[in-house]
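Asker: Sharing a model prediction with you, sequence too.
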Amino acid sequence: AQSVTQPDIHITVSEGASLELRCNYSYGATPYLFWYVQSPGQGLQLLLKYFSGDTLVQGIKGFEAEFKRSQSSFNLRKPSVHWSDAAEYFCAVGAMDSSYKLIFGSGTRLLVRP
Amino acid sequence: SQTIHQWPATLVQPVGSPLSLECTVEGTSNPNLYWYRQAAGRGLQLLFYSVGIGQISSEVPQNLSASRPQDRQFILSSKKLLLSDSGFYLCAWGQLKLFFGSGTQLSVL
């Protein structure tokens, strides 16, 4: 069965600093991988996705993620964090069957220091 | 364009009362539909999904049920709410790339 681990519950960075959020997945085949962002009390917005091809994926709002098969990881990065990036970030792995369901990690809450 | 509507936004219910949360999608046909729950401080747990009218798959045994009476309508229900049913409920549609509703904050008191 697929699963996702986000080992960091909270991360605090200073505005302008770089960011890396960790994500490890478990899946028996080539995974479909996603990063979503959630502002307080809101639904989730897709940041980026990896299906195949180039292992470095660019997303919205200046985010990128790198798929590393050998490490079963899909870490999210941003070179310079803005105060508006404070939110909760979820990594997810997608099923390759007809359900197309996504299994999410437990999330990482990002706090940004001014 | 496609839109997803979820209501109500907030709900406070006593223990033992029934529940009905509704989700509708516009601008697409035969979408895959999903109900997720987000408990305080926890991630998103997939509760149910549906790949077509009348087809419901349950991911975890619990006090809730789901129905899909129409192609673009997905309903989450309970006959008797428990305290542990409190949480933030999200409806979504799509195939791998999911689009989420704005959620329902349910408090069971």
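Answerer: It's in. Numbering: from 1, shown residues only, chains lettered A, B, ... in the order given.

Asker: and chain A, which of its residues are near chain B?
Answerer: A:6, A:32, A:34, A:41-46, A:49, A:51, A:90, A:94, A:98-107 (C-beta under 8 Å from any C-beta of the partner chain). C-beta coordinates here come from the backbone N, C-alpha and C atoms, glycine included.

Asker: 7 Å - rerun?
Answerer: A:32, A:42-44, A:46, A:49, A:90, A:94, A:98-107 (C-beta under 7 Å from any C-beta of the partner chain).

Asker: middle-most residue in chain B, spatially?
Answerer: residue B:35 (3.6 Å; C-alpha atoms, centre = their mean).

Asker: so who does that residue touch?
Answerer: By C-beta atoms under 7 Å, 6 or more residues apart in numbering or on different chains, the contact set of residue B:35 is B:47-48, B:66, B:74, B:76, B:89, B:91.

Asker: swap the cut-off to 8 Å and go again
Answerer: Neighbouring residues of residue B:35 by C-beta atoms under 8 Å, 6 or more residues apart in numbering or on different chains: B:23, B:46-49, B:66, B:74, B:76, B:89-91.

Asker: Residue A:47 now?
Answerer: A:34-37, A:59-61, A:63, A:65, A:76, A:89.

Asker: Report the buried residues of the helix or strand where it lies.
Answerer: Here residue A:47 sits within strand A:44-50, counting by DSSP states H and E. By 16 or more other C-beta atoms under 10 Å in any protein chain shown, the buried positions in strand A:44-50 come out as A:44, A:46-50.

Asker: how about the nearest residue to residue B:10 once chain neighbours are set aside, what does it touch?
Answerer: When the adjacent residues along the chain are set aside, residue B:10 lies closest to residue B:105, with 5.0 Å between them (C-beta to C-beta, 6 or more residues apart in numbering or on different chains). Residues in contact with residue B:105 (C-beta under 8 Å, 6+ apart) are A:41, B:9-11, B:88.
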